[in-house]
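S.K.: give me a 3D structure for the following:
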Amino acid sequence: MHKIARASLVLAASVFALAAVAQQRPDFSKVEIKTTQLAPNFHVLEGQGGAISVLSGPEGVLLVDSQFAPLTDKIVEAIKKISDKPIRFLVNTHVHGDHVGGNENLAKLGAVIFARDQLRARLQNPNPAPDGTPGKPAVAEALPVVTYDNQVTIHIDGEHVRLIPIRNAHTDGDTLVFFPEHDILAVGDYFRSTGYPVVDLNNGGTLAGIIDGLGATIGRAGPNTKVVPGHGAIVGRDALIAQRDLIIAVRDKVAALIDQGKTLEETIVAKPTAEFDSKVPNAEQTSERFVKWLYAEVKAAKTKTAAR
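M.R.: Here you go, the predicted structure:
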């Protein structure tokens, strides 16, 4: 492993624990970086974890997300095949280790890191993981140096890259990255084309926020817009609409079951996702936890309303 990859193994280990669902640590030595071109100066890199969007041009390179620290050397080599310009900016879509793990390495190469205020705070003071594993604060070099709570625009390579806060969706620090000149949206994990939605309750996520976030994203998407999810195939606007409508439909079914006095176990047995399971990738592996999250959120909302 090269020196730059070794430098941030501590960050990779600490932020990896923030993920909503624990994963076994992969063998990074076997990971290959796949490059997909969406436009002459826009590419998507896939390796292990979240997708990386790459905007390149005469003024330099802008990245969306950084994957894991041990992959930085491979990622940089893939970028060199696209552009010989320096990596100037890095935008983090949310706090999970497969999206921010390479921050320290890329910062040491000169990248200025942008992210939500909440994301920086989570890296500095991480919550314990759902399994109780203590969070470990990120090193200073891994922290975003430009943070925001309202929309920010980065002007580079003829593009006006809009960083749009998405509140309490997958996490409480999500960002939609909009490339209007390219008609491309990089959305992080509040939309994934790999299964039912994933919400990180431990880091401030809510399914209601995902619904709102998808609505905001749909509002910026046109018939030819390309959507780069945090995980899974690149899609168009119709996939965003379908997922938003799915969440609302299943939420309403879960709410009706709660009104009937059904327990969580009875709600799961009722299979409120059944009509969608054949259309959703990995439905068998992701539907039950999705229903559990919905049940908890709807139940809490009803309890709060009743207490008023």
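S.K.: in the stretch 101-250 of the chain, which spans are helices?
M.R.: Along the stretch 101-250 of the chain, the stretches classed as helices by DSSP state H, counting those that start in this stretch are 103-108, 117-124, 207-218, 237-259.
S.K.: following the last one, which helix or strand comes up?
M.R.: Think helix 237-259. Using DSSP states H and E, the next helix or strand after helix 237-259 towards the C-terminus is helix 264-269.
S.K.: pretty sure Thr206 contacts Asn168?
M.R.: Yes. Judged on C-beta atoms under 8 Å, Thr206 makes contact with Asn168 at a distance of 4.8 Å. (Each C-beta comes from the backbone N, C-alpha and C, glycine too.)
S.K.: and the lengthiest helix in the chain, what does it pack against?
M.R.: Secondary structure of the chain per DSSP state H: the longest helix is helix 283-307. Judged by 3 or more C-beta pairs under 8 Å, 6 or more residues apart in numbering; DSSP states H and E, helix 283-307 is in contact with helix 207-218, helix 237-259, helix 264-269, helix 274-277.
S.K.: one step back: and of the helices of the stretch 101-250 of the chain, who's closest to Ser83?
M.R.: With C-beta to C-beta as the measure, helix 103-108 is the member of the helices of the stretch 101-250 of the chain nearest Ser83 (14.4 Å).
S.K.: list the buried residues for the closest one?
M.R.: Using 16 or more other C-beta atoms under 10 Å as the test for burial, helix 103-108 gives 103-107.
S.K.: excluding chain neighbours, what is closest to Leu90?
M.R.: Ala111 (4.3 Å; C-beta to C-beta, 6 or more residues apart in numbering).
S.K.: with Leu176 instead?
M.R.: Ile164 (4.3 Å).
S.K.: what is the burial count for the one you found?
M.R.: Residue neighbour count, defined by other C-beta atoms under 10 Å, stands at 20 for Ile164.
S.K.: now do the contacts for it.
M.R.: Residues in contact with Ile164 (C-beta atoms under 8 Å, 6 or more residues apart in numbering) are 151, 175-178, 216, 220.
S.K.: ok, Val250 touching Trp293?
M.R.: No. The pair Val250 and Trp293 does not pass the contact test of C-beta under 8 Å, sitting 10.4 Å apart.
S.K.: angle of the longest strand belonging to the chain against helix 207-218?
M.R.: Counting by DSSP state E, the longest strand found in the chain is strand 159-166. Counting by axes from the mean of the first three to the mean of the last three C-alpha atoms, to 10 degrees, strand 159-166 lies at 160 degrees to helix 207-218.
S.K.: only alpha carbons, please: show strand 159-166 as CSV.
M.R.: Provided in CSV are the C-alpha atoms of strand 159-166 (Å, rounded to 0.1, in the frame of the first residue of the first chain):
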residue,chain,number,x,y,z
GLU,A,159,-19.8,25.0,-14.6
HIS,A,160,-21.7,26.5,-11.7
VAL,A,161,-21.7,23.7,-9.2
ARG,A,162,-24.6,24.1,-6.7
LEU,A,163,-24.3,22.5,-3.3
ILE,A,164,-27.8,22.2,-2.0
PRO,A,165,-28.6,21.2,1.6
ILE,A,166,-31.0,18.2,1.9
